[in-house]
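Chemist: Predicted coordinates and the sequence they were generated for:
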Amino acid sequence: MSSEPNSSLLERVRSPFEGPNTLGNSNGFWLTFGVGVVSLALYPVLFGTYAAGERAVFLVYALLGVSLCFVWGFCGILSFGQVAFFGVSGYTFGIVGLNVSSYTGVTLGIVAGIAVATLFAAALGYFMFYGGVRDVYVTIITLVVALVLKTFMDQTAGGEWAVGEAELGGFNGMRNIPNLAIGVGDIGIEVSRAMHYYVALAALIGVYLGLRVLVNGRFGYAMVATLEDETRTEMFGYNTTFIKLVTFTLGGALAGLSGVLYVTWGNYINPQQFAITAASMPVIWASIGGRDSIAGTIAAAIVLQWIELQLSGEWALVIVGSLLVFVILVMPEGIAPRLRTFVLDRQSSSEPTTTPATTEEVTD
Amino acid sequence: LSEGGILNGSGGSDGPMIGVLEDRSGEFALNGTAKWQASLLAVEELNADGGVLGEELDVYDPDPQSDNQRYQELTREALNREGVDALWAGYSSATREAIRPIINEEEQLYFYTTQYEGGVCDRTTFAMGATARQQLGAVIPYMIEEYGPRIYTIAADYNFGQISGDWVRLLADEHDAEVVGEEFIPLGETDFGSTINAIQGEDPDFIASMLVGDGHANFYEQRADNELDVPMASSTTMAQGYEHRRLDPPALEDMYVGVNYMEELETDRNAAFVDAFYEQFPDADYLNQEAQNNYFSIHMWAEAVEAAGTFDQEAVIAELEDGIEVEAPEGDVELDPETHHMTHHMRIGRADGEHEVTFSDEQYIEPSFLHEVGCNLPDDPEQTQYEPDEFYDEI
Amino acid sequence: MLDLTDVHVSYGTTPILHDIDITVDPGEIIGIMGKNGVGKTTLIKAVMGLLEVDAGTITFDGDDVTSTGAAVRARRGMGYIPQGRDVFPELTVEENLRMGETIHAADDRLQYEAVYDFFPILEERQSQTAGTLSGGQQQLLAIGRALIGNPKLLVLDEPSEGVQPSIVQDITRDLQRVNEELETTIIFVEQNLHVVQHLAERCYAIDKGTIVDELGSDRLESREAVTEYLAV
Amino acid sequence: MNGYELLNVTFQFLESFAFIVLATVGLAVIFGMMGIINLAHGEFILVGAYATTLSAHQGLPLPAAMLVGVVATTIFGIVLERTIIRRLYGRLLDSMVATFGISLVLVQLTRILFGNSIDQVSTPFGAISYGSYSYSLYRVLLAGAAIATLLGLYLLFTRTAFGIRARATIQDEETARSMGVDTDRMYMSTFAIGSALAGLTGALYAPARASPTPEFGSEFLVDAFVAVVVGGPSVLVGTPLAGGFLGLIEAFFTFQWTQFIGTVAMLVAAIVMIRLLPDGFSGLVESVRTSWRESE
Amino acid sequence: MAASDPTVKTTRAVDETGERSSRILQTRDLHKEFGGLTATDTVDFAVEEGELRCLIGPNGAGKSTVLNLITGQLEPTAGSIYYDGIDITSLPSHERVDRGISMKFQVPTLYEDLTARQNLRIPLQRIVDAAEFETRTRELLAQFDLLAEIDETPATLSHGQQQRLEIAMAMALEPTLMLLDEPVAGLSVEETAEVAELLRTIRAQEGVAFIVIEHDIDFVETIADRVTVLDQGSIFTEGTIEEVKTDPAVRRIYLGEET
Ligand SMILES: Nc1ncnc2c1ncn2[C@@H]1O[C@H](COP(=O)(O)OP(=O)(O)OP(=O)(O)O)[C@@H](O)[C@H]1O
Ligand SMILES: Nc1ncnc2c1ncn2[C@@H]1O[C@H](COP(=O)(O)OP(=O)(O)OP(=O)(O)O)[C@@H](O)[C@H]1O
Ligand SMILES: NC(N)=O
Ligand SMILES: [Mg+2]
Ligand SMILES: [Mg+2]
């Protein structure tokens, strides 16, 4: 499909990442992607490690957005419950990390956090998909699950709600959660706040590329087929219920990863993470970025968080809310797919030279 | 991605700056807005008066929206990027606890101005509000005397409410009274039908209410609807969320609250303060106790800076620890150097059937609990929160 | 009764129909035939006002209705039976029929009983939701519903699709009866040879978006002439 | 449980039932009839409550003020429908995201315009006393209002031509148009009815809750969503059953333990119900009705 | 009524033990109710290997219901289904497909965002390795005369091409039983003839058995080995198309007088 016959090695490297299930497969896209990655990698150099340490949370949340984009954009499951897996993972990490001291605890905590989130997603997914729950009802159940967790965690303020050393803390939240580290006993590496940025960035890029391989492979075809027409896909011998379960579980695992990165970043988590506002954020990022565009969702998550931080006056929420309405009305499929169409149109009307876009134009 | 450029406040200026993180939206907007306004008023006055150490004072004041995660982010922002010389932040104790690790790690000079459960003994933190010991210590004995010994406690379900509940038990024990029922209610709860029935079932002499925030105001409303006429003692109502103004009478009838300040205090000094406040903010809803605490503590900080001759936080802390007295709208108040808490003028404010507030039993009360447990920050610069259940068997 | 003059229709920028001229006199039964995808449904929707025309005029019952909406045309006396099973799936059979009442003022409509006379199965199923009827039953319901409004012009899009042969025959007869007894003009799209031959008095053949032939009753008699157009 | 306690539970049930039903109807009509998930539903209620409260402060008697609340919310809903919502028909999930945006804007605009709270109007009617207990009469009467609302809706949507047309329009707009229905107006009217119901809820609860704040509406949202789902696609059948079932669970658990346990029990029961009855109560009723009809 | 019909009796010699016979499909007492409404009532129905069976009958007779019961889209209220000697009554749809049952829906429902090649990959990747995708795809498309459309998306294909692509996708699974619900509804005479031709070739080449529901009796005539007439949820009669067409009872309930 390429016009350059002598780039075959490059093509071979690229090929597992490309396919009809991802929007961006062109040279221009990969160039843009490279520019995006490099600018994100250079951010600490340009703006200092302190700023990077603070902004690491943008990347962590972007990963949460990706977890939704994956289940929603590629398998049609709109989950308002990604924050539930995120939060459960964060709390689990906290409990393990606060109880098992030293690097062992942290390492165990990472595993435990992601594992519990994954199992939780699997259990919830089993309950829903094998129970015949569909469409918007899935959305609402996941939302209600998040709200139940919020209600429950909110009342864990008393001393009786401690797991060993770790106080759940109710509305106060759980504090003094250890930093990210890996190792056993006293031997290991602790990730400083500034380094956290790179860990989050690496996780984000790794997950991004991994998902591209996945969605363009066998399983991806099955997911997308399920998304487009479940009954029909079943008639091709696919167990669509199982496909949805696997997808949902994987989405839960990704949200869990993001949850671990979150609590190790802020050393804190509280029930507000399960509230409707928090639960809506991933949906907003994916809607604006483009639900079937992973890169679009990442870009939207980062840009929107940045905008929200900049706008802190009383008009902030008015502006963010209006933006949301505007995007849904004007570009219902999201910005990234729209940009892609725009770029493609331009290319076909002018010379086929690819103009490297700026970071904001990363389309997937 | 480009960073910076549109930063809030005056990131660019190198003059003195304080951070004021107070809620103007979310669950605590009712309490936080006036805190923010009174802070701006204090800064305005300082600047009109030639600034602090001759320099104009800047404020970093984004809205944390009652969201503790945002508080953490903004606190880091204030400390590390804005480099504020002193920080005022947060209404609820949960907020304070969320940002305390950051403040302690960075050894930031921090003023927490809400009335609270008490016990914080941190080297760089100054608690400007009255403690549960000061408030409940004033109002609970009064109520026992006035109405009888059977107490029913309802409190917000988080650290503040739980520890305040402990204080009620303790005070009950000290005064031969009894807590006949106790219910901790999650923040944001708005249905109190069953709570009211439960109270009616116990028929206590009075209710000790440490409810917090918007949602909980519904209790008072529903109490009136259900014609539950048991009197109430509180450390949280009226002086903060001005329920006596917002709710229709007689929701707050027979509410007795231990306060160091309310807008309604009839002193000349307060009248001037109230006038200045509403002149600056004509649309303001209410000038609450915490707003007064912000106001006087900013002036107090400025005095300490002037005395130290520098904005250097260690020097200012040293100056504060030297003992300082300010003319607050509530009356002259002193900082207790050992505990970093204030000796306050405590009054019992009572709302009648028309929500008219009257004050009685003014006492000048020291922050005694921390003394008892041995908090002495100039000598022993620790970072601890003492809780009453560690020291009293009665709980 | 109905005149289309030089009508052009497109979906967005894709032109579908061009230079369409059709004339229907009162009381006539007109067939329209053509391959799949040539634009028959598009034409019918343009007649009903569900699609806007790019050019040309449509007059109905003496009035220019080119720019009036579907609802208005329906109330002026066009009854429509859409292609496929476009009944309201979650309304009951009876409620679907009641929708027919919207078209005309109360005094001017056919009673349910008359419809139930035509299609007894609908009476049996009156309180079942229409979505759970079999395909053929849904088609009957759609016709019944249109009849309730007592339209002057009945517009049908492939009424025999998915309907059992005996009922196709019944429908053909019933439509003729409607045409005679109620003096309803009928225009229909069909692929079914039987229906075209037995029902149509005159027939237009359509291909590549335009009318390519017009068959009078004489040519409609001939199976060859008709199948040629059905398999254009 | 003695007699008085039984009364306590009964009243708590009636209060829960009324709350759930009234919180839900507006949302349910807009969701069930139009396929729009209105995350700004709470803010529609907010508009009703503010309009009621503010006009009561202007000296209007409470019933008149409530009428103002309903009318204001209706007009507000129509304006929103004309400008934004009508572009979202058939786009269920998009409608959810867009209305969430609307909700953010409305809450914050309310705050900017009216501050952090407005003064309350008091609850009428006083309390019923029994033994050492008492219960607010107004709150109990709200259950009556809930039932009356449901009854009215039932009649409107099943007994009137308007109702049938509205439902038909939602199911197949094009065909409805070809049957002479002005579908544009149908959408608008249905949305207006949903808005009016939200406004009614706001008006009824304005005096029964503490002073309205910009967050007033969010209190209703969770119950409303849960009940819509548990109720199932048919609003008229589903809403009262969901209200009754969830209200019973909430009242019982609240009575036995605390309000908090009651809330959690209700949410958990809702999740279990959705699992057991993916089509909600109305789906269950539908299939029961079919077999009953067949067997007669 | 059905039980007393002699033609049904002959098909009743079921291998209850699940033993293999030349019958690829056998249903026993298949009964389906929708909340009290009986859609099918004790249907005993058998299809031989490689046979093309047409299922006809009045609207609402339960034909689609029978098909959906065989694919597993619906669960029977009572009765069982044997496929290739094995009881598949409680298997989920996708496992039935794995065993060789394939279904083509009436309305073409292709994956709209995928090209013909990618559409075919969905069934193909179930049974062949990635290395063979391309050759198999080309083979199939060639067989169905769609090779030129390999990179086209469904929207740009004609109705007839879409129908063929759909059948190609169903065939990609190499089924032993294909179920078609009204495959020529709405097709022109010409296209109908094409589909009939296609079915005959497939059957000749691959030995696939078919169950076809169709109201177009001319079409049925050109393709069917045997015809089963369903009425009111029960088998009314079975036989060759000639037998059925001339049966006055069938004419009365279904075909009508003309034709
Ligand atoms: N909504 C639409 N948008 C774009 N193109 C459309 C749309 N609907 C139909 N078309 C195209 O317009 C052409 C004519 O379609 P139409 O439905 O009128 O055909 P038809 O003759 O009724 O076919 P059939 O016999 O299959 O019903 C087809 O090529 C079709 O693909
Ligand atoms: N989901 C359902 N709920 C209730 N009744 C149903 C359902 N599906 C089908 N039925 C009923 O079952 C009977 C058989 O329907 P089915 O669709 O099998 O008929 P069919 O023979 O395929 O008819 P047609 O030739 O018209 O397609 C019909 O009376 C129909 O109304
Ligand atoms: N300090 C308080 N009220 O949380
Ligand atoms: Mg057509
Ligand atoms: Mg059928």
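Modeler: Structure's in. What do you need? Ligands and ions are numbered 1, 2, ... in the order given.

Chemist: And the residue of chain C that's closest to chain A?
Modeler: C:T13 (13.9 Å; Cβ to the nearest Cβ). For the C-beta atoms, the positions are set from N, CA and C on the backbone; glycine is no exception.

Chemist: Any idea how many residues pack against that residue?
Modeler: C:T13 has 5 neighbouring residues, counting by other Cβ atoms under 10 Å in any protein chain shown.

Chemist: So is the longest strand seen in chain B next to chain D?
Modeler: In chain B, assigned by DSSP state E, the strand with the most residues is strand B:341-351. No. Strand B:341-351 lies apart from chain D when judged by Cβ under 8 Å from any Cβ of the partner chain; the minimum separation is 14.7 Å.

Chemist: okay, which residue is most central for chain C?
Modeler: Of all residues in chain C, the one closest to the mean position by Cα atoms, centre = their mean is C:L156, 1.4 Å from it.

Chemist: so it makes contact with C:M78?
Modeler: No. Taking contacts as Cβ atoms under 8 Å, C:L156 lies outside contact range of C:M78: 11.3 Å.

Chemist: Quick check: buried residues in the longest helix along chain D?
Modeler: Counting residues, the longest helix found in chain D (DSSP state H) is helix D:3-34. Across helix D:3-34, burial judged by 16 or more other Cβ atoms under 10 Å in any protein chain shown covers D:7-9, D:11-34.

Chemist: near chain B at all, that helix?
Modeler: Yes. Counting by Cβ under 8 Å from any Cβ, chain B is contacted by helix D:3-34 at D:N8, D:F11, D:Q12, D:E15, D:F19.

Chemist: Tabulate those (JSON lines), appending pLDDT and distance to B:E97.
Modeler: Output for those, formatted as JSON lines (pLDDT from 0 to 100; distance: Cβ to Cβ, whole Å):
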{"residue": "D:N8", "pLDDT": "83", "distance to B:E97": "37"}
{"residue": "D:F11", "pLDDT": "88", "distance to B:E97": "38"}
{"residue": "D:Q12", "pLDDT": "86", "distance to B:E97": "34"}
{"residue": "D:E15", "pLDDT": "86", "distance to B:E97": "35"}
{"residue": "D:F19", "pLDDT": "91", "distance to B:E97": "33"}
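
Chemist: Between these, which sits nearest ligand 1?
Modeler: D:F19 (45.1 Å; Cβ to the nearest ligand atom).

Chemist: Which residue comes closest to that closest one once chain neighbours are left out?
Modeler: In this structure, D:F19 finds its nearest non-sequential neighbour in D:D223, 6.5 Å apart by Cβ to Cβ, 6 or more residues apart in numbering or on different chains.

Chemist: can I assume the one you found is in contact with D:V21?
Modeler: No. Here D:D223 lies out of contact with D:V21, judged by Cβ under 8 Å, at a distance of 9.4 Å.

Chemist: Can you tell me the centre-most residue of chain E?
Modeler: Against the mean C-alpha coordinate of chain E, by Cα atoms, centre = their mean, the closest residue is E:L179 at 1.6 Å.

Chemist: And the helices in chain E?
Modeler: E:6-11, E:63-71, E:93-98, E:116-127, E:130-143, E:159-172, E:189-206, E:217-223, E:241-246, E:248-250.

Chemist: Ok, the stretch 101-250 of chain A next?
Modeler: A:102-129, A:135-154, A:193-215, A:218-228, A:230-234, A:240-266 (DSSP state H, counting those that start in this stretch).

Chemist: Out of the ones you listed, the one nearest A:E308 is which?
Modeler: Closest to A:E308 of those, according to Cβ to Cβ: helix A:240-266, at 16.3 Å.

Chemist: by contact count, what packs against the closest one?
Modeler: helix A:27-73, helix A:82-99, helix A:102-129, helix A:193-215, helix A:218-228, helix A:230-234, helix B:68-76 (3 or more Cβ pairs under 8 Å, 6 or more residues apart in numbering or on different chains; DSSP states H and E).

Chemist: Let's see the fourth one as PDB, backbone CA atoms only.
Modeler: Extracted as PDB, the C-alpha positions of helix A:193-215 are listed here (Å, rounded to 0.1, in the frame of the first residue of the first chain):
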ATOM      1  CA  ARG A 193       8.600  12.100  41.200                       C
ATOM      2  CA  ALA A 194      10.500  13.400  38.200                       C
ATOM      3  CA  MET A 195      11.200   9.900  37.000                       C
ATOM      4  CA  HIS A 196       7.500   9.000  37.400                       C
ATOM      5  CA  TYR A 197       6.900  11.100  34.300                       C
ATOM      6  CA  TYR A 198       9.100   8.800  32.200                       C
ATOM      7  CA  VAL A 199       7.600   5.700  33.700                       C
ATOM      8  CA  ALA A 200       4.100   6.900  32.900                       C
ATOM      9  CA  LEU A 201       5.200   7.900  29.400                       C
ATOM     10  CA  ALA A 202       6.800   4.600  28.800                       C
ATOM     11  CA  ALA A 203       3.700   2.800  30.100                       C
ATOM     12  CA  LEU A 204       1.500   4.900  27.800                       C
ATOM     13  CA  ILE A 205       3.600   4.400  24.700                       C
ATOM     14  CA  GLY A 206       3.900   0.700  25.500                       C
ATOM     15  CA  VAL A 207       0.200   0.300  26.000                       C
ATOM     16  CA  TYR A 208      -0.500   2.300  22.900                       C
ATOM     17  CA  LEU A 209       1.700   0.200  20.600                       C
ATOM     18  CA  GLY A 210       0.600  -3.000  22.300                       C
ATOM     19  CA  LEU A 211      -3.000  -2.200  21.700                       C
ATOM     20  CA  ARG A 212      -2.400  -1.300  18.100                       C
ATOM     21  CA  VAL A 213      -0.900  -4.700  17.500                       C
ATOM     22  CA  LEU A 214      -3.800  -6.300  19.400                       C
ATOM     23  CA  VAL A 215      -6.600  -4.500  17.500                       C
END
